[in-house]
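Enquirer: Prediction below, plus the sequence it came from.
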Amino acid sequence: MIDLFGGHPETNSLSDASDVQFLDTTLRDGEQAPGISLTPDEKARIARKLDDAAIDVIEAGSACTGAGERETIQRVTDLDLDATVTSFCRGIQNDIDLAMDCDVDGINLVVPASDKHVTEKVGTTPEENVATTADLVEYAKDHGLWVEVIGEDGSRADLEYLEELMAAALAAGADRVCYADTVGHATPDRTLEVVSTLSDLGPTSTHTHDDLGLAVTNALVSIAAGADLVHGTVNGIGERAGNVALEEVAIALDHGYGVETMNLEAVYELAQLVANKTGIPLAPNKAVVGQNAFTHESGIHTDGTLKDDAMYEPYPPEKVGRKRRLALGKHAGRAGVEAALDEHDMEVTDDQLGEIVSRVKKIGDRGKRVTDADLLRIAEEVSGSDREQRVELLDLTAVSGVSPPTASIRLDVDGETRENAATGSGPVDAAMNAAVEALSHEIDAALESYHVDAITGGTDAIVTVEVEMSRGDDTVAVSKSDSDITGASVTAMVEAMDRLIERSDRVIADD
Ligand SMILES: [Zn+2]
């Protein structure tokens, strides 16, 4: 039998946890993940968004890393945010000096806590480590810094020693101490044991990693054990399996226990910004921010959702700044297809609906998502309604390898030829810019999302490009497959804009 928590008497009800704060370490621990390097501009943009999302503490980087990193931290402190801005520091006085050079409000002072880290990594003795830690805390406090002391590898440390070390830090004036499950090793029981011991000493933070898939659970257990500051990152990026994802802790606390933390409505934009700038995409099934988190495809679920939004959702998507999506694919049913057609103001008979559903399923059977454009094309074919295409792509030339990449485009708009050229960050971007500009008289459309999947391997791979364009509240998704990514992108975009133009005409005619 698993004796979870060992009948521990010291847990508090999470609902009673008041004032749980967040420390975001996307810019430090998050950036330490393989393959991520953020420019000063990117870090400043993310920091500003974190501040907008009401994150309490932002660990902006590690000042000892180098001059470039210090410039970045300085950029963040210059923003004059509401959040407390800190730098990570090793247990070395020079690290604290370098952090102060960047005008930070505070430091996250990391000192070794486990035998492995004390003797093998840092090469000191347990006694010396305690004395040095106390001296460094005093030094930092004398210079007016907010100080949090992190006992590195604390989850694997001897608990008595960790207690002694953290007590010395608090006695020397540290504002708080932090339980660090540095390698994501701890079970919830172990987390409870260590955090409740530390929180008896003074204000305690918790820093959990997801190597066992327990990062959120351990963060929640930490709060139940008395911790009141949670370290984590946006989207859970970080070393190895990552840090705890702050948005997951935030929604679990809000939904499960009515405890408010960060501004939840800001979560999705923040997730997209970080995914974009770090190049680490969001897994479709990721909690809260994954593409599928509020998407319903199966007939049963779609039908249920149309009857009651909450049927297959724990909380409404708007809560985290998102929208619900009903997707069409092999699991589609009549209710879902009818609702989608309704959204596009298409009316069909019962028989036609049956035929449309079966064709939608056929496309779905091939493993494809059925986009708005696919559905409309099918519906037009089945109902025999002829649609007048207003925009057609005649020709496209894109040149890369020149600076800046350039594209020229020729369109047929209402029977007239229109040409335009534009530049961009790459050939696709240049071609898309050329198309949007060429049609700017007809429509003020914005690109909502752009997604590419390679279906086959190799440099001649067939790619599927999915483009979602919007005009006001109206959105249209179109996907195209081709081995020419620029061609597929522009064809999809032009078709989306053609659909939007047609619909805006219809709205004007209806008025
Ligand atoms: Zn960490």
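Expert: All right, it came through fine.
Enquirer: Please name the residues that touch residue 287.
Expert: By C-beta atoms under 8 Å, 6 or more residues apart in numbering, the contact list for residue 287 reads 245, 247, 248, 251, 293. Heads up, the C-betas are built off the backbone N, CA and C, glycines and all.
Enquirer: Filter those down to just the ones in strands.
Expert: Among these, DSSP state E puts none in strands.
Enquirer: Please flag which of these sit within helices.
Expert: Judged by DSSP state H, these include 247, 248, 251 as members of helices.
Enquirer: thinking again about what came up before, reformat the contacts of residue 287 as JSON lines; add distance to residue 437, pLDDT and neighbour count.
Expert: Compiled in JSON lines, these are given as follows (distance: C-beta to C-beta, whole Å; pLDDT from 0 to 100; neighbours: other C-beta atoms under 10 Å):
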{"residue": "245", "distance to residue 437": "39", "pLDDT": "98", "neighbour count": "26"}
{"residue": "247", "distance to residue 437": "36", "pLDDT": "98", "neighbour count": "27"}
{"residue": "248", "distance to residue 437": "41", "pLDDT": "98", "neighbour count": "22"}
{"residue": "251", "distance to residue 437": "40", "pLDDT": "97", "neighbour count": "23"}
{"residue": "293", "distance to residue 437": "35", "pLDDT": "91", "neighbour count": "19"}
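Enquirer: quick one: which of those residues is nearest to residue 328?
Expert: Nearest to residue 328 among the contacts of residue 287 is residue 293, at 17.9 Å by C-beta to C-beta.
Enquirer: May I have the phi/psi pair for the nearest residue to the closest one once chain neighbours are set aside?
Expert: Spatial nearest neighbour of residue 293, excluding adjacent residues (C-beta to C-beta, 6 or more residues apart in numbering): residue 287 at 6.6 Å. Backbone torsions for residue 287, taken as degrees, to the nearest 10, come to phi -60, psi 150.
Enquirer: Kindly reformat the contacts of residue 287 as a markdown table and extend each row with distance to residue 36.
Expert: Shown next, in a markdown table, are these (distance: C-beta to C-beta, whole Å):
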| residue | distance to residue 36 |
| --- | --- |
| 245 | 15 |
| 247 | 18 |
| 248 | 20 |
| 251 | 24 |
| 293 | 23 |
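Enquirer: Out of the residues you listed, which two are the most distant from each other?
Expert: 245 and 293 (12.3 Å).
Enquirer: so can I have JSON lines of the ones in helices among the contacts of residue 287 showing distance to residue 23?
Expert: Formatted as JSON lines, those follow (distance: C-beta to C-beta, whole Å):
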{"residue": "247", "distance to residue 23": "14"}
{"residue": "248", "distance to residue 23": "15"}
{"residue": "251", "distance to residue 23": "18"}
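Enquirer: Between those, which sits nearest residue 371?
Expert: For the ones in helices among the contacts of residue 287, the nearest to residue 371 is residue 247 (27.6 Å; C-beta to C-beta).
Enquirer: where does the closest one sit relative to residue 32, distance-wise?
Expert: 20 Å (C-beta to C-beta, to the nearest Å).
Enquirer: In a strand, residue 89, correct?
Expert: Yes. Checked against DSSP: H, G, I helix; E, B strand; the rest coil, residue 89 lies within a strand.
Enquirer: check contacts around the nearest residue to it once chain neighbours are set aside.
Expert: The shortest distance from residue 89 to any non-neighbouring residue, by C-beta to C-beta, 6+ apart, is to residue 95 (3.9 Å). By C-beta under 8 Å, 6+ apart, the contact set of residue 95 is 63, 64, 89.
Enquirer: Which of these ranks first by neighbour count?
Expert: Within the contacts of residue 95, most neighbours by other C-beta atoms under 10 Å means residue 89, with 29 neighbours.
Enquirer: Residue 322: which element?
Expert: Under DSSP states H and E, no helix or strand contains residue 322.
Enquirer: Which of the helices or strands spans the residue nearest to it when sequence neighbours are not counted?
Expert: Nearest residue to residue 322, sequence neighbours excluded (C-beta to C-beta, 6+ apart): residue 268, at 4.9 Å. Per DSSP H and E: residue 268 is located in helix 267-278.
Enquirer: Run through who's touching the next helix or strand after that helix.
Expert: Next helix or strand after helix 267-278 toward the C-terminus (DSSP H and E): strand 295-296. For strand 295-296, contacts defined as C-beta under 8 Å, 6+ apart pick out 302, 305, 312, 324, 325, 326, 327, 336.
Enquirer: separation between the most centrally placed residue in the chain and residue 293?
Expert: The centroid of the chain falls nearest to residue 271 when counting by C-alpha atoms, centre = their mean (2.3 Å). Going from residue 271 to residue 293 by C-beta to C-beta gives 10 Å.
Enquirer: Residue 252 and residue 218 touch, don't they?
Expert: No. Residue 252 sits out of contact with residue 218 when judged by C-beta atoms under 8 Å, with a separation of 12.0 Å.
Enquirer: out of these two, which sits in the more crowded spot?
Expert: Of the pair residue 252 and residue 218, residue 218 is the one with more neighbours under other C-beta under 10 Å, namely 27 against 20.
Enquirer: The helix or strand containing that one: what's the following helix or strand?
Expert: Here residue 218, judged by DSSP H and E, is contained in helix 215-224. Going down the chain from helix 215-224, the next helix or strand is strand 229-232, by DSSP H and E.
Enquirer: which outside residues touch that following strand?
Expert: Strand 229-232 is touched from outside by 20-25, 29, 56-57, 59, 148, 176, 178, 203-208, 215, 219, 222-223, 243-246, 249, 261, with contacts defined as C-beta under 8 Å, 6+ apart.
Enquirer: Send me that strand as CSV with only the CA atoms.
Expert: What follows is strand 229-232 as a C-alpha-only set of coordinates in CSV (Å, rounded to 0.1, in the frame of the first residue of the first chain):
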residue,chain,number,x,y,z
LEU,A,229,6.3,31.3,-3.2
VAL,A,230,6.4,28.9,-6.2
HIS,A,231,9.3,28.9,-8.7
GLY,A,232,8.4,27.9,-12.2
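Enquirer: That one: partners in the sheet, and parallel or antiparallel?
Expert: The pairing partners recorded for strand 229-232 under DSSP bridges are strand 21-24 (parallel), strand 204-207 (parallel).
Enquirer: and of those, who's closest to residue 298?
Expert: Nearest of the strands paired with strand 229-232 (C-beta to C-beta): strand 21-24, 35.3 Å.
Enquirer: Would you map the helices across the stretch 251-400 of the chain?
Expert: 267-278, 299-307, 334-343, 350-365, 372-383 (DSSP state H, counting those that start in this stretch).
Enquirer: worst average pLDDT in the ones you listed?
Expert: When the helices of the stretch 251-400 of the chain are compared by mean pLDDT, helix 299-307 comes last with a mean of 80.
Enquirer: Go through that helix and flag the buried ones.
Expert: 299, 301, 302, 303, 304, 305, 306 (16 or more other C-beta atoms under 10 Å).
Enquirer: Residue 249: how many residues sit nearby?
Expert: Residue 249: 27 neighbours (other C-beta under 10 Å).
Enquirer: i'd like the first residue to be 678 from this point on
Expert: Sure, I'll start numbering at 678, so the last one becomes residue 926.
Enquirer: Let me see the contact set for it.
Expert: 699, 893, 896, 897, 907, 909, 938.
Enquirer: which helix is the longest one in this structure?
Expert: From DSSP H, the single longest helix across the chain is helix 1162-1187.
Enquirer: any idea of the mean pLDDT in that helix?
Expert: Helix 1162-1187 comes out at a mean pLDDT of 82.
Enquirer: Same check on stretch 1137-1153?
Expert: pLDDT averaged over stretch 1137-1153 gives 84.
Enquirer: Tell me where the model's unsure across the stretch 978-1127 of the chain.
Expert: Scanning the stretch 978-1127 of the chain for pLDDT under 70 picks out nothing.
Enquirer: any idea how far residue 1119 lies from residue 1094?
Expert: Using C-beta to C-beta, which is the criterion applied here, residue 1119 is 15 Å from residue 1094.
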